[in-house]
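Trainee: I'd like to go over a predicted model; first the sequence, then the structure.
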Amino acid sequence: MAEAERIIGTPDTPDAAGGGDERPDSEGTPPDESGAGRPRGRRRIAVLFAVASLAYALDLISKLIVVAKLEHHPPIEIIGDWLKFEAIRNAGAAFGFGEAFTVIFTMIAAAVIVVIARLARKLYSLPWAIALGLLLGGALGNLTDRIFRAPGVFEGAVVDFIAPKHFAVFNLADSAIVCGGILIVLLSFKGLDPDGTVHKD
C-alpha cells in the first residue's frame, strides 16, 4: 500500500526541503507564508465518499430488483437485441473473466478499498475524489456480492444484468470501476496528482 501511495505521488510527510508548505493548494493558490502548517486546500474526502455511496447504492438497488424481478425470467429487450437486461450470476471478475479465481478477486477488491481509504486523508483534488469514489463504490458493490451471495462467503457470485450484443454481461459496479479507472488515466496524463498539485515530466 505504501508503494501504491508513492507511485501516485502522495507522500505521508513533506520532503526535507520543506516542499510540503511550498506546494500550491487544490485551487492553485500560492502558499501563504503566514499560514504554515495549514492544509493546502479543501480536502475532498466528503466528495469521495458521497460518490462512492451513490455508486454503491445504485448498484445494490439495481441488483435487488434484478434478483427479485428478472432472475429465472426471460431477458428484457431494451434496444431490440442490441441491449438486454438478463440476470447472470458471475463467479469471476468484471465482465465475466476468471471464474476460477473468485477468492483472489475478492481479496483484490478488499485491498483496493483499503488503499483508497488510506489515500483519502491526503486527497485535495476534486477530479481525483470523483475517480476514487467511483472505484470505491464499484469495489464495494461487487465485494458485497462476494461476501453475502451463494455459494458462500468470499466465493459468492456477482449479479450481472446489462447485456449488450456481442459483449460481456456486466453491472453498475463494473461500470463505476471502469469509469473511475479511465478518469484516473486521464488525470495521470494531465499530470494532476491526488493532492491537487500538477507536475510536468
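Mentor: Done, it's in. Numbering: from 1, shown residues only.

Trainee: Three-state assignment for Cys179, please.
Mentor: helix (DSSP: H, G, I helix; E, B strand; the rest coil).

Trainee: for it, what are its contacts?
Mentor: Leu134 (Cβ atoms under 8 Å, 6 or more residues apart in numbering). Heads up, the C-betas are built off the backbone N, CA and C, glycines and all.

Trainee: Retrieve the pLDDT associated with it.
Mentor: Per-residue pLDDT puts Cys179 at 96.

Trainee: any idea how far it is from Ile76?
Mentor: Counting by Cβ to Cβ, to the nearest Å, the gap from Cys179 to Ile76 is 24 Å.

Trainee: you'd agree Gly138 is up against Val158?
Mentor: No. Using Cβ atoms under 8 Å, Gly138 is not in contact with Val158; the gap is 11.0 Å.

Trainee: Give the residues shared as contacts by these two.
Mentor: In contact with both Gly138 and Val158: Ala173, using Cβ under 8 Å, 6+ apart.

Trainee: any idea which helix or strand comes after the lowest-mean-pLDDT helix or strand in the chain?
Mentor: When the helices and strands of the chain are scored by mean pLDDT, DSSP states H and E, helix 19-22 comes last with a mean of 42. The helix or strand immediately downstream of helix 19-22 is helix 45-69, counting by DSSP states H and E.

Trainee: Now do the buried residues in that next one.
Mentor: 45, 47-49, 51-52, 55-56, 58-60, 62-63, 66 (16 or more other Cβ atoms under 10 Å).

Trainee: Check the most centrally placed residue in the chain and give its pLDDT.
Mentor: Closest to where the C-alpha atoms of the chain average out (Cα atoms, centre = their mean) is Leu135, at 0.2 Å. pLDDT, Leu135: 95.

Trainee: what helix or strand is it on?
Mentor: Applying DSSP H and E, one finds Leu135 within helix 126-148.

Trainee: got the CA coordinates for the very next helix or strand once past that helix in PDB?
Mentor: As assigned by DSSP H and E, the chain's next helix or strand after helix 126-148 is strand 158-164. The C-alpha trace of strand 158-164 is given here as PDB (Å, rounded to 0.1, in the frame of the first residue of the first chain):
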ATOM      1  CA  VAL A 158     -21.800 -11.300  -8.600                       C
ATOM      2  CA  VAL A 159     -25.200 -10.400 -10.100                       C
ATOM      3  CA  ASP A 160     -24.700  -9.100 -13.700                       C
ATOM      4  CA  PHE A 161     -27.600  -8.000 -15.900                       C
ATOM      5  CA  ILE A 162     -26.600  -5.400 -18.500                       C
ATOM      6  CA  ALA A 163     -26.100  -7.400 -21.700                       C
ATOM      7  CA  PRO A 164     -25.000  -5.500 -24.900                       C
END
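
Trainee: which residues touch strand 158-164?
Mentor: Here strand 158-164 makes contact (Cβ under 8 Å, 6+ apart) with 62-63, 66-67, 70, 75, 82-91, 96, 142, 145-146, 149, 169-175.
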